[in-house]
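The sequence and its predicted three-dimensional model are supplied below.
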Amino acid sequence: MLKTVKKKYVVPAVAVGFLFVGASFKDDFFEIAKQIEIFTTLYKTVNTNYVDETNPGQLMDKAIKSMLEDLDPYTVYFNEQDVAKFKINNTGEYTGIGALITRKEGKLIIKEVYKDYPADKAGLKAGDEIIKIGDVLLADFKEDAGELLKGSKNTKVDIQFTRQGKTSPAQIVLSEVDVKAVPYYALVGNNTGYIVLSQFNTKASSETKAALIELKDKGAKNIILDLRGNPGGLLHEAVNVCNLFVKEGETIVTTKSKNDKYNNTYKTPKSPVDTDIPLVVLVDGHSASASEIVSGALQDLDRAVVVGSRSFGKGLVQRPLDLTYGTQVKVTISRYYTPSGRGIQALDYTHKDADGKAIRIDKKNYNAFKTRNGRTVYDGGGILPDVELEESKQSAIADALVRKDGIFNYATTYYYKNPNLGTTIPNISDADFEAFKAYLKKEKFEFDTETEKSLKETLEVAKKEKVDASIATECQTLLTALQRSEEKELTAHKQEIKQLITDELIKRYQYKEGLYKYYTTSNSEIKKAVALLNNSAEYTKILSKK
């Protein structure tokens, strides 16, 4: 590891690494070599002369990551620890506790527990805060605490956690955790197969194929492929998933780059499972990358009706490239294009606003393309569904509640007040919704919208500069008015928020599997997809209209 190497050896090793990468670029080689020399000289000078002891590895790690941040959010550097995590994400296999954990404001919180895995067997629940792992108090631990919860199979890890103000011990026995690409599939009604594809790891196409075949054997005459919330993954797995529904040799995606070796056309390599079965693909604003390759290709080929809300809009392809000392860089190497020739990238990272944020491509600059049957589709802003559903879109107020854990934290409180619901579906009444609003007020929940953040910043500056008190008063008045507006927004989106609370609570009582099962009978997007598939005339009309 870099940080364990003595200073006098660090710079030469790093310089060699950079020169190795730079040497592959023939254009502007002198400029690249010049900048590397400046950087390594500065790095050595700072390490040698800085008043306090420095950590060379940490300095370099931060320097590299900060440099890449200016390109796009997908071009990233992986140190040795990061490389291990990246491999886990792609294979879907790792040894650990079987739980989704997050660290916010210095706290390590369990967000979701996977059924029958180590954390679940140890009695841990969503909302628990892990405060100690082995002898390590996490309040004093600034590294990645998740690494302390990994090890070889059957390793015993002693922890302490807090739950509803009470601290308790637990022992977790690590085991292999298999992250499924297809966590759920079932028949909806008598003849519609429903498949949830949650990520594109190495098992995505094989698990989707197995689910498809089993559902057909059980009588499925139609299929719903649910890609909502799927952030993407491996490009070749997206091609293979499409291959289940389209013939061999069909172009699914092309990639284009300034580097000729990354210009590729990806075609379906195998015989399909079923090219005729009616198919609906569900997408939303969190469907990205490989999800958009699948939905975009099947839409362009008029092989499926896409239902939901506009997808995320990530039309960039990354590839991990090995560096020295077990490190990697994941580089955006090309853009991808659907069979009709459209790109779906929504943000232009080559042009940024005054705040340094990428600019969204303007709708007036979208270009029109034609599907195989002559239907018009557009580039520039993700995949626009053939059937748009308002309920598939998440409002700004709901997004803030999810992003800042307002719903998650309320669900934790609700769960311990109502511990015995079991398989009963929680009924969030209007009274419960008012209790939720009161909870937000009690916890002084901050939505942190862009407007609210700007006003708070202005108010802080006004106080620091000791400007006329009336200005500060007016800012506070505006902030109060904005908070009243946010309360109105809560009420306006009551049904959406109640549904999000219900979804979170079902996971608490019945795990994620229970939520998927609930969706098959209660989710409006799935209901509308089933209705469309059962209306063959409407389904055919959508795919054939020009």
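Alright, I've got the coordinates. Numbers count the residues shown, from 1 in each chain.

Pull the contacting residues for Tyr337.
253-256, 315, 343 (CB atoms under 8 Å, 6 or more residues apart in numbering). All C-beta atoms are positioned from the backbone trio N, CA, C, and that covers glycine.

Narrow these to those in strands?
253-256 (DSSP state E).

now for the top helix by length along the chain, which elements pack on it?
Among the segments of the chain that qualify as a helix by DSSP state H, the longest is helix 494-522. On a contact count with 3 or more CB pairs under 8 Å, 6 or more residues apart in numbering; DSSP states H and E, helix 494-522 meets strand 107-113, strand 184-188, helix 396-403, helix 406-417, helix 430-442.

how does it look with 6 Å?
Helix 494-522 sits against strand 184-188, helix 406-417, with contacts defined as 3 or more CB pairs under 6 Å, 6 or more residues apart in numbering; DSSP states H and E.

ok so, going back, closest to Thr502 among the contacts of Tyr337?
Proximity of those to Thr502 was ranked by CB to CB; the top entry is Gly315 with 34.1 Å.

so is the residue nearest to that closest one when sequence neighbours are not counted in a helix, a strand, or just coil?
Distances taken as CB to CB, 6 or more residues apart in numbering put Gln345 closest to Gly315, at 3.4 Å, once the chain neighbours are dropped. Here Gln345 is coil, with the state taken from DSSP: H, G, I helix; E, B strand; the rest coil.

what do you get for Arg310?
coil.

That one and Asp284: what is the separation?
According to CB to CB, to the nearest Å, Arg310 and Asp284 sit 8 Å apart.

can you check Val331 too?
For Val331 relative to Asp284 (CB to CB), the value is 28 Å.

who's more crowded, those two?
For Val331 versus Asp284, neighbours defined as other CB atoms under 10 Å are more numerous around Asp284 (24 against 20).

Using the three-state scheme, assign the nearest residue to the more buried one once chain neighbours are set aside.
Computed as CB to CB, 6+ apart, the closest residue to Asp284 that is not its neighbour in sequence is Arg228, at 4.4 Å. At Arg228, secondary structure determined by three-state DSSP is coil.

Quick one: neighbours of Arg228, just the number.
24.

What of Lys494?
Residues near Lys494, counting by other CB under 10 Å: 16.

Over to Pro169?
9.

Could you check the angle the longest helix of the chain makes with helix 396-403?
70 degrees (axes from the mean of the first three to the mean of the last three CA atoms, to 10 degrees).

residue closest to the middle of the chain?
With distances taken as CA atoms, centre = their mean, Pro231 lies nearest the centre of the chain, 4.7 Å away.

how many neighbours does the residue nearest to it when sequence neighbours are not counted have?
The shortest distance from Pro231 to any residue other than its chain neighbours is 5.1 Å, reached at Ala288 (CB to CB, 6+ apart). A count of neighbours around Ala288, defined by other CB under 10 Å, yields 24.

quick one, what contacts Ala288?
By CB atoms under 6 Å, 6 or more residues apart in numbering, Ala288 lies in contact with 231-232, 312, 314.

want to throw those residues into JSON lines with pLDDT and distance to Ala481?
JSON lines is the format used below for these (pLDDT from 0 to 100; distance: CB to CB, whole Å):
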{"residue": "Pro231", "pLDDT": "94", "distance to Ala481": "37"}
{"residue": "Gly232", "pLDDT": "93", "distance to Ala481": "40"}
{"residue": "Phe312", "pLDDT": "94", "distance to Ala481": "33"}
{"residue": "Lys314", "pLDDT": "93", "distance to Ala481": "37"}
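
Low-confidence ranges, the stretch 401-546 of the chain, go.
449, 467-470, 472, 546 (pLDDT under 70).

list the buried ones in the one helix or strand Gln58 maps to?
For Gln58, the enclosing helix or strand under DSSP states H and E is helix 56-69. By neighbour count on 16 or more other CB atoms under 10 Å, the buried set for helix 56-69 is 56-57, 59-61, 64, 68.

Check stretch 263-274 too.
Those buried within stretch 263-274 under the rule 16+ other CB under 10 Å are 266-268, 272.

I'd like the distance from the helix holding Gln58 to the chain centre, please.
With CA atoms, centre = their mean, to the nearest Å as the basis, helix 56-69 stands 24 Å off its chain's centre.

Specify the next element, helix or strand, located C-terminal of that helix.
Sequence order places strand 76-78 as the next helix or strand after helix 56-69, per DSSP H and E.

Quick check: neighbours of that next one in the sheet, parallel or antiparallel?
strand 328-337 (antiparallel) (DSSP bridges).

what angle do the partner strand and helix 56-69 make?
Going by the same axes, to 10 degrees, strand 328-337 makes 10 degrees with helix 56-69.

CA atoms of strand 328-337 as CSV?
C-alpha atoms of strand 328-337 as CSV (Å, rounded to 0.1, in the frame of the first residue of the first chain):
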residue,chain,number,x,y,z
GLN,A,328,-7.6,0.8,-10.8
VAL,A,329,-9.2,3.7,-12.6
LYS,A,330,-12.7,3.3,-14.0
VAL,A,331,-12.7,5.5,-17.1
THR,A,332,-15.5,6.8,-19.3
ILE,A,333,-14.3,5.4,-22.6
SER,A,334,-17.2,6.0,-25.0
ARG,A,335,-20.9,6.9,-25.4
TYR,A,336,-23.5,4.3,-26.3
TYR,A,337,-26.3,4.5,-28.8
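
So what's the model's average confidence on it?
Mean pLDDT, computed over strand 328-337, is 91.

Tell me which residues of the next helix-or-strand element following that strand come out buried.
Downstream of strand 328-337, the next assigned helix or strand under DSSP H and E is strand 347-352. For strand 347-352, burial by neighbour count (16+ other CB under 10 Å) applies to 347, 349.

Pairing partners for strand 347-352, with directions?
Sheet pairing for strand 347-352, using DSSP bridges, gives strand 358-360 (antiparallel).

coming back round to it: with pLDDT added, can I get the buried residues of helix 56-69 in TSV?
TSV is the format used below for the buried residues of helix 56-69 (pLDDT from 0 to 100):
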residue	pLDDT
Pro56	85
Gly57	83
Leu59	87
Met60	87
Asp61	85
Ile64	88
Leu68	90
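
per-residue confidence at the residue lying closest to Lys363 once chain neighbours are set aside?
Spatially, and ignoring its direct neighbours in sequence, Lys363 is nearest to Gly381 (6.9 Å; CB to CB, 6+ apart). What the model reports for Gly381 is a pLDDT of 85.

Provide the secondary structure category for Gly381.
coil.

Burial check on it, number of neighbours?
With other CB under 10 Å as criterion, Gly381 counts 21.

about what we covered before: now, which of the buried residues of stretch 263-274 sits nearest Asp128?
Nearest member of the buried residues of stretch 263-274 to Asp128, counting by CB to CB, is Tyr266, at 43.4 Å.

Where does that closest one sit: helix, strand or coil?
Tyr266 is classified as strand under three-state DSSP.

I figured it hits Ile252, correct?
Yes. Counting by CB atoms under 6 Å, Ile252 is a contact partner of Tyr266 at 5.4 Å.

list the residues that contact both of those two?
Contacts common to Tyr266 and Ile252, judged by CB under 6 Å, 6+ apart, are Val239.

Now tell me what touches stretch 150-163 from outside.
With CB under 6 Å, 6+ apart, stretch 150-163 has contacts from 95-96, 128-133, 167, 169-175.

rerun at 8 Å
Here stretch 150-163 has contacts from 94-97, 110, 124-125, 127-134, 148-149, 167-176, 416, using CB under 8 Å, 6+ apart.

Which residues are in contact with the nearest residue to Lys121 once chain neighbours are set aside?
Excluding the flanking residues, the one nearest Lys121 by CB to CB, 6+ apart is Val173, at 7.4 Å. By CB under 8 Å, 6+ apart, the contact set of Val173 is 118, 121-122, 154-157.
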